[in-house]
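In: Fold the stuff below for me.
(one chain, ligands or ions: 1)
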Amino acid sequence: MSRQDILNRLREHDVSPTSQRIEVAEVLLSRPQHLSADQIIDRLNELGSRVSKATVYNTLKLFSKNGLVKECNVDPSRRYYDSTTHAHHHFYNVETGELTDIPEDRVTIMGLPRLPNGTERESVEILIKIKSS
Ligand SMILES: [Zn+2]
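Out: Purely as a prediction, here's the structure:
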């Protein structure tokens, strides 16, 4: 993804493109992937970036609030930021912590319970936990 694409994505989501936000976006949005805040910080350090940890956390919070990335809380100790924001499902390897995408049309969902009164369905996302057999 070019720098111009990154700038456009940020603007489309009402995120004003500061240099730190652009750096975080370049790491996370470069391809479909799931990264934790710590992994993003590691990559930024490898690239010689001087963005502080606190800025990375705040930037990720902002990106996710504005729909630029999706948060996946697979377990209380692991939060990933997903660069794919349209509806899809995941395999989650509980041994390695790896999260893999499943396209939405690969899953058929049947037999969902009636929704509570006064609510409507926003989305259904399946997390299939796997381990080595
Ligand atoms: Zn995903």
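In: This structure against the ion: which residues are in contact?
Out: Proximity of the chain to the ion is confined to 82, 84, 101 under the rule C-beta under 5 Å from the ion. Yep, even glycine has a C-beta here, placed from its N, CA and C like the rest.
In: Tell me who's in contact with the first one.
Out: The reference is to residue 82. Residues touching residue 82, when contacts are defined by C-beta atoms under 8 Å, 6 or more residues apart in numbering, comprise 33, 34, 69, 70, 71, 72, 99.
In: Can you report how many residues neighbour the second one?
Out: The one in question is residue 34. Other residues lying near residue 34 total 24 when counted by other C-beta atoms under 10 Å.
In: From residue 121, how far out is it?
Out: Look at residue 34 and residue 121: by C-beta to C-beta, to the nearest Å, they are 24 Å apart.
In: so what's the one residue sitting closest to the centre of the chain bridging to?
Out: When C-alpha atoms, centre = their mean is applied to the chain, the residue found nearest the centroid is residue 82 (1.8 Å). Beta bridges link residue 82 to residue 34, residue 70, judged by DSSP bridges.
In: do you know how far it is from residue 125?
Out: Applying C-beta to C-beta, one obtains 10 Å for the distance of residue 82 from residue 125.
In: Show me what counts as buried in the lowest-mean-pLDDT helix or strand in the chain.
Out: Sorting the helices and strands of the chain by mean pLDDT, DSSP states H and E puts strand 70-75 at the bottom, at a mean of 89. For strand 70-75, the buried set under the neighbour-count rule, 16 or more other C-beta atoms under 10 Å, comprises 70, 72, 74.
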